[in-house]
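Chemist: build me a model:
(one chain, ligands or ions: 2)
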Amino acid sequence: MKITAARVIVTCPGRNFVTLKIETDQGVYGIGDATLNGRELPVVSYLEDHVAPCLIGMDPRRIEDIWQYLYRGAYWRRGPVTMRAIAAVDVALWDIKAKMAGMPLYQLLGGRSREGVMVYGHANGSDIAETVDAVGQYIDMGYKAIRAQTGVPGIKDAYGVGRGKLYYEPADAALPSVTGWDTRKSLNYVPKLFEKLRATYGFDHHLLHDGHHRYTPQEAANLGKMLEPYQLFWLEDVTPAENQEAFKLIRQHTVTPLAVGEIFNTIWDAKDLIQNQLIDYIRATIVGAGGVTHLRRIADLASLYQIRTGCHGATDLSPVTMGTALHFDTWVPNFGIQEYMRHSEETDAVFPHDYHFADGELFCGETPGHGVDIDEALAAKYPYKPAYLPVARLEDGTMWNW
Ligand SMILES: O=NC(=O)[C@@H](O)[C@H](O)[C@H](O)CO
Ligand SMILES: [Co+2]
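Modeler: Ligands and ions are numbered 1, 2, ... in the order given. Presented below is the predicted three-dimensional model:
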């Protein structure tokens with residue numbers, strides 16, 4: 001069996017997505033997501049100019065060997081561009097293998113470990129009152145787990161807060177928009193949000209919060225400690241994780257569960273966090289961390305330390321990633337939770353899929369493969385539109401982490 005074509009499809013149904021389609025001499029094709037939000041084009045070139053020529057003629061059944069070929073063969077290993085390109089190839093090849101086997105991907109991985117996959121949605125508001133309302137709406141929609149992000153008085157465009165009802169996930173501007181940040185104001189405000197949420201809705205629902213890389217380790221420890229009475233499901237990205245040791249300090253001060261990893265692209269980014277049990281959930285994703293082949297390795301390492309998966313699933317990850325992640329989540333023994341931001345109708349039309357939401361869970365389908373396709377004719381109607389993620393600055397103008 002041979003790969004006959006590897007084509008990159010760029011489309012922008014409201015936001016940019018990069019999809020790789022691998023075709024074979026048996027007529028079976030597979031697709032993979034290669035979207036790197038706000039920096040899409042280097043991955044397009046990496047795939048078109050440096051990966052596709054090598055793939056032609058290779059046997060698509062040799063998933064592991066092709067993964068090793070692309071990882072070791074690049075010489076310049078790791079990084080978001082390289083690992084997203086490898087992920088797109090990997091997912092397309094798993095899609096092909098499952099289609100050839102006539103089974104949904106989760107069966108090929110080892111079968112069901114659960115029926116549905118618990119997801120969490122993104123509730124947000126310009127202030128505590130609005131955010132409390134928004135959480136109530138997600139409870140009414142049947143969500144068992146809800147992330148709550150609030151605007152903070154005095155902070156311009158705090159992370160995770162929509163302009164208007166629905167939170168629109170950036171990238172969103174032709175050049176990076178500038179948002180503000182002030183740790184002290186946030187530390188004085190966020191705990192009040194969760195106090196109000198628990199007072200209003202009790203403890204029956206999981207509540208999550210994303211620190212989005214903005215606190216120093218000591219500030220993160222302080223926030224984790226202040227949130228303990230509210231029993232969060234997790235406090236995410238509470239401090240930048242390049243220094244994995246930083247989490248030792250946080251762990252010394254708080255039992256609030258910690259989640260990290262949506263920007264990780266290999267197991268090496270998480271190895272010390274996992275082996276020193278410094279986190280409770282690993283957020284690495286199918287598209288960000290080298291596909292199914294590599295994410296399985298991360299999940300297996302995590303399982304040795306009773307750390308569970310909590311894959312990132314914002315709208316900048318395409319339905320191809322969501323669909324594949326749901327098969328992964330349905331199989332993986334140490335599953336924790338799946339982030340789920342609903343894509344727009346335009347996006348769903350470009351990426352027909354068989355997963356569905358019910359009672360706070362997502363269910364993957366039984367279609368052979370990962371159950372997601374791309375309507376190339378429709379995709380062609382949405383040309384690429386440059387868009388950047390925002391940047392964040394402190395009040396004195398210091399660059400910070402968005
Ligand atoms: O937990 N979810 C997140 O942090 C997301 O909202 C990320 O900011 C976006 O996916 C970046 O493209
Ligand atoms: Co996050």
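Chemist: quick one: the helices in the protein?
Modeler: With DSSP state H applied, the chain shows helices at 40-45, 52-55, 63-73, 80-101, 105-109, 128-140, 183-201, 217-227, 246-253, 271-275, 291-304, 319-331, 345-350, 376-379, listed in chain order.
Chemist: how far away is the residue of the chain found nearest ligand 1 from Pro191?
Modeler: Nearest to ligand 1, among the residues of the chain, is Ala314, at 3.4 Å (C-beta to the nearest ligand atom). (C-beta placed from N, C-alpha, C; glycine too.) Ala314 sits 25 Å away from Pro191, going by C-beta to C-beta, to the nearest Å.
Chemist: got a list of what the residue minimising distance to the centre of the chain touches?
Modeler: Nearest to the mean C-alpha position of the chain, by C-alpha atoms, centre = their mean, lies His312 at 2.3 Å. With contact taken as C-beta atoms under 8 Å, 6 or more residues apart in numbering, His312 is in contact with 261-262, 283-285, 288, 339.
Chemist: my guess is Ile128 contacts Pro191. True?
Modeler: No: with contacts counted by C-beta atoms under 8 Å, Ile128 stays clear of Pro191, the gap being 10.6 Å.
Chemist: closest to Leu47 among the contacts of His312?
Modeler: Gly288 (15.4 Å; C-beta to C-beta).
Chemist: my read: the closest one touches Gly79, true?
Modeler: No: here Gly288 does not reach Gly79: they are 10.9 Å apart, not a contact under C-beta under 8 Å.
Chemist: who's more crowded, these two?
Modeler: Using other C-beta atoms under 10 Å, the more surrounded residue of Gly288 and Gly79 is Gly288, with 28 against 13.
Chemist: how many residues are close by Val51?
Modeler: Quick note: Val51 (other C-beta under 10 Å) scores 25 neighbours.
Chemist: ugh, typo on my part, it should be Arg72
Modeler: Neighbours of Arg72 (other C-beta under 10 Å): 9.
Chemist: which non-adjacent residue is nearest the residue nearest to the centre of the chain?
Modeler: Glu262 (3.6 Å; C-beta to C-beta, 6 or more residues apart in numbering).
Chemist: where's that neighbour relative to Gln107, distance?
Modeler: For Glu262, the distance to Gln107 - C-beta to C-beta - is 27 Å.
Chemist: I'd like to know how far Asp204 sits from Gly336.
Modeler: Distance from Asp204 to Gly336, by C-beta to C-beta: 18 Å.
Chemist: can you tell me which residues in this protein are near ligand 1?
Modeler: Residues of the chain lying close to ligand 1 (C-beta under 6 Å from any ligand atom) are 37, 169, 210, 212, 262, 312, 314, 316, 339, 389.
Chemist: got the contact list for the third one?
Modeler: Neighbouring residues of Asp210 by C-beta under 8 Å, 6+ apart: 147, 149, 159-160, 236-237.
Chemist: Tyr120 reaches Ala148, doesn't it?
Modeler: No: contact criterion C-beta under 8 Å: Tyr120 and Ala148 do not qualify, at 10.0 Å.
Chemist: who touches both of those two?
Modeler: Both Tyr120 and Ala148 are contacted by Leu208, under the criterion C-beta under 8 Å, 6+ apart.
Chemist: which of the helices of the chain sits most buried?
Modeler: helix 319-331 (a mean of 29; mean count of other C-beta atoms under 10 Å).
Chemist: chain center to that helix: distance?
Modeler: Its chain's C-alpha centre and that of helix 319-331 lie 11 Å apart, by C-alpha atoms, centre = their mean, to the nearest Å.
Chemist: quick check: angle from that helix to helix 291-304?
Modeler: 40 degrees (axes from the mean of the first three to the mean of the last three C-alpha atoms, to 10 degrees).
Chemist: could you export helix 319-331 as CSV, CA atoms only?
Modeler: Coordinates of each C-alpha in helix 319-331 appear next as CSV, following Å, rounded to 0.1, in the frame of the first residue of the first chain:
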residue,chain,number,x,y,z
PRO,A,319,-13.3,19.4,14.6
VAL,A,320,-10.7,16.9,13.3
THR,A,321,-8.8,17.2,16.6
MET,A,322,-12.1,17.2,18.6
GLY,A,323,-13.2,14.0,16.8
THR,A,324,-9.9,12.2,17.2
ALA,A,325,-9.6,13.4,20.8
LEU,A,326,-13.0,11.9,21.6
HIS,A,327,-11.9,8.5,20.4
PHE,A,328,-8.8,8.8,22.4
ASP,A,329,-10.8,10.0,25.5
THR,A,330,-13.2,7.0,25.0
TRP,A,331,-10.3,4.6,25.2
